[in-house]
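K.L.:
structure of the sequence below:
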Amino acid sequence: MPVMPGAELLISSFLAAVMVVVVQVSVVYCGGFPPTLLNLERAFPAAQRVELEALRARDWARHARILQGVVGGVVDFSVAGASDPEAVGLYYTKVKLGSPPKEFNVQIDTGSDILWVACNSCNDCPKSSGIGIELSLFDAASSSTASPVSCSDSLCNSVVQTTATECLAQSNQCGYSFQYGDGSGTSGYYVSDLLYLETIMGPSLVVNSSAPIVFGCSTYQSGELTKADRAIDGIFGFGQQDLSVISQLSSRGITPKVFSHCLKGDGNGGGILVLGEILDPSIIYSPLVPSQPHYKLNLQSIAVNRQLLPVDPAVFATSSNRGTIVDSGTTLAYLVEEAYDPFVSAITAVVSQSVILTPKGSQCYQVSTSIAEIFPPVALNFDGGASMFLRPEDYLVHADVGTTWCIGFQKAQDGVTILGDLVLKDKIFVYDLAHQRLGWADYDCSSSVNVSITFGKDEFVNEGQLSTSNSSSSSSLFKLIMMSITLLVYLSPIIGFLLP
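P.N.:
Numbers count the residues shown, from 1 in each chain. As a prediction, the model looks like this:
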């Protein structure tokens, strides 16, 4: 490779500077006394060439300590739960909050914005859970890093869709009260405390760090939230409003402005959740509808067995109270009334010779063979030429009777189509907020994934779990620093030779 103009001067100057430092270190005395000798060991073997990735990962781990535990990168969360409504019927992850850190199980919800957990003063909160987890309560008084958000804080005056902020006059604390689509609700106050993060810095390297965030401390719950069968410690809202965790962290450069999930549908469920971008060549994207409180896509048509349904596209049009929402907090899926009956009729027409319609109605079928053999494929066609293909298990649910399957799509009563976990499972979903688009691809969510690791808020270097490729978009400063580190690696034998 040809040498850039001035590169020889840069290398010569760099080598001279290194040699000067070496000479100075070898002759300096303190107060007339001989120097104290320290035994130093190399971080990497002298005879072994060190890969740039290893140097970069080690430096980032060090910088995380220098910057008081805050480090930029891709954050990994565990995933538990399943989409099966007869089992758990939701997906959840674990978050650690406070000092000392305490662990909470919170539902993964792309349909809301706020992270909240139940507080020790919560009224009507469930005491036990039917999904096999031990419930926890957050106690702000027991955390040395917790501080309430006051009424005068700018966050208290921010307008967040579906969230009502209010000043709790007696305590001067910023409070909230909001309801979910199923009628359940929660209220409480906002608190600032540490969220602990597992940040992926490179293949096989995870750095533990923490960052202060604002979240809700729930003192009251109602509706479905109070029931013990699916009780959870709280809800992790992944919306794009200012108070969502993804917005708080990405605005400070701690995480990229993108998050991804892959929810495993069969077996015991589980999956993958990262504050970062999952990479796969089969991912296709559709633009998000701008200026909407939820993740809305422009659904244009539906095909059953490759035949378009006779539905006016206007029924899918987006407005403040209509449109198509992607919501991981919804178990099933909901289709606008004008499209629901044609959808069910088209499926029934295809399978009518192979199934027995059950007394429950035309939306349930008694099946004597594999549903994959007799039920047709379905395609949801979105703006930008992006189609989401559904297998029979993506629109059917297994009824309590062994051989009975029912249409999992429900008739929407409010003009809003909602794609819940029934549809989202067994697919990669990428919520690219930086470019206002949403991507997806069919995927085995029990497999590993490739992620993109960021150097800045919107700059990415593609890194697989086992392989690395460099990005030409890295800044010149970063390249210069990496050149200097590489020179140090190559010069280490020379420096070792010069040292007495």
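
K.L.:
so who does residue 212 touch?
P.N.:
Each residue near residue 212 by CB atoms under 8 Å, 6 or more residues apart in numbering is listed here: 145, 192-195. Heads up, the C-betas are built off the backbone N, CA and C, glycines and all.

K.L.:
switch to 6 Å and redo it
P.N.:
192, 194 (CB atoms under 6 Å, 6 or more residues apart in numbering).

K.L.:
what about the closest residue to residue 184 other than its chain neighbours, how many neighbours?
P.N.:
Nearest residue to residue 184, sequence neighbours excluded (CB to CB, 6 or more residues apart in numbering): residue 223, at 3.0 Å. Per other CB atoms under 10 Å, the neighbour tally for residue 223 reads 14.

K.L.:
please look at residue 223 and residue 186 and confirm they touch.
P.N.:
No - assessed by CB atoms under 6 Å, residue 223 is found out of contact with residue 186, at 9.2 Å.

K.L.:
going along the chain, name the helices of the chain.
P.N.:
7-27, 52-66, 245-251, 337-351, 371-374, 421-424, 476-498 (DSSP state H).

K.L.:
just the buried positions in the third one, please.
P.N.:
Buried residues in helix 245-251, counting neighbours by 16 or more other CB atoms under 10 Å, are found at 245-250.

K.L.:
turn the residues you listed into JSON lines, columns for pLDDT and distance to residue 90.
P.N.:
Putting the buried residues of helix 245-251 into JSON lines (pLDDT from 0 to 100; distance: CB to CB, whole Å) gives the following:
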{"residue": "245", "pLDDT": "96", "distance to residue 90": "18"}
{"residue": "246", "pLDDT": "96", "distance to residue 90": "19"}
{"residue": "247", "pLDDT": "94", "distance to residue 90": "23"}
{"residue": "248", "pLDDT": "94", "distance to residue 90": "24"}
{"residue": "249", "pLDDT": "95", "distance to residue 90": "23"}
{"residue": "250", "pLDDT": "93", "distance to residue 90": "25"}
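
K.L.:
state the mean pLDDT of stretch 157-166.
P.N.:
Taken as a whole, stretch 157-166 has a mean pLDDT of 57.

K.L.:
export only the CA atoms of stretch 430-442, formatted as CSV.
P.N.:
This file holds the C-alpha atoms of stretch 430-442, laid out as CSV (Å, rounded to 0.1, in the frame of the first residue of the first chain):
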residue,chain,number,x,y,z
VAL,A,430,-35.0,-3.9,14.2
TYR,A,431,-36.3,-0.6,15.4
ASP,A,432,-34.0,1.9,13.6
LEU,A,433,-35.0,5.2,15.3
ALA,A,434,-32.0,7.0,13.8
HIS,A,435,-33.4,6.4,10.3
GLN,A,436,-37.1,6.1,11.2
ARG,A,437,-37.6,2.6,9.8
LEU,A,438,-38.5,-0.8,11.1
GLY,A,439,-37.0,-4.0,9.7
TRP,A,440,-37.7,-7.7,10.0
ALA,A,441,-36.7,-11.2,8.8
ASP,A,442,-37.6,-14.7,9.6
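
K.L.:
contacts for it?
P.N.:
When contacts are defined by CB under 6 Å, 6+ apart, stretch 430-442 is touched by residues 240, 257-260, 277-278, 280, 282-283, 285, 287-288, 427-429, 458.

K.L.:
what subset of the residues you listed is buried?
P.N.:
For those, a burial check counting by 16+ other CB under 10 Å picks out 240, 257-260, 277-278, 280, 283, 285, 287-288, 427-429.

K.L.:
which pair of the residues you listed spans the longest distance?
P.N.:
Maximum pairwise distance in the buried ones among the contacts of stretch 430-442, criterion CB to CB, is 22.4 Å, between 240 and 280.

K.L.:
what separation do you get for the closest residue to residue 342 other than its chain neighbours and residue 299?
P.N.:
Counting by CB to CB, 6+ apart, residue 309 is the residue found nearest to residue 342 once chain neighbours are left out, at 4.6 Å. Distance of residue 309 to residue 299, computed by CB to CB, to the nearest Å: 12 Å.

K.L.:
neighbour-wise, which of these two wins?
P.N.:
Taking neighbours as other CB under 10 Å, residue 309 and residue 299 compare with residue 299 leading, 24 against 16.

K.L.:
where does pLDDT dip in the stretch 201-350 of the chain?
P.N.:
204 (pLDDT under 70).

K.L.:
neighbours of residue 436, how many?
P.N.:
Neighbours around residue 436, by other CB under 10 Å: 12.

K.L.:
whoops, I mixed them up, residue 242
P.N.:
15.

K.L.:
with residue 135 instead?
P.N.:
Using other CB under 10 Å: residue 135 sits among 17 other residues.

K.L.:
backbone dihedrals for it, both of them.
P.N.:
Dihedral pair for residue 135: phi -80, psi 150, per degrees, to the nearest 10.

K.L.:
any idea how far residue 357 is from residue 270?
P.N.:
35 Å.

K.L.:
likewise for residue 185?
P.N.:
Taking CB to CB, one finds residue 185 at 29 Å from residue 270.

K.L.:
and residue 105, by the same measure?
P.N.:
Taking CB to CB, one finds residue 105 at 13 Å from residue 270.

K.L.:
alpha carbons of stretch 320-328, in PDB - could you do that?
P.N.:
Provided in PDB are the C-alpha atoms of stretch 320-328 (Å, rounded to 0.1, in the frame of the first residue of the first chain):
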ATOM      1  CA  SER A 320     -54.100   9.700  15.300                       C
ATOM      2  CA  ASN A 321     -56.500   6.800  16.100                       C
ATOM      3  CA  ARG A 322     -56.100   4.400  13.200                       C
ATOM      4  CA  GLY A 323     -53.200   2.600  11.600                       C
ATOM      5  CA  THR A 324     -51.000  -0.500  12.100                       C
ATOM      6  CA  ILE A 325     -49.000  -0.800  15.400                       C
ATOM      7  CA  VAL A 326     -46.100  -3.100  16.200                       C
ATOM      8  CA  ASP A 327     -46.500  -3.900  19.900                       C
ATOM      9  CA  SER A 328     -44.600  -6.600  21.800                       C
END
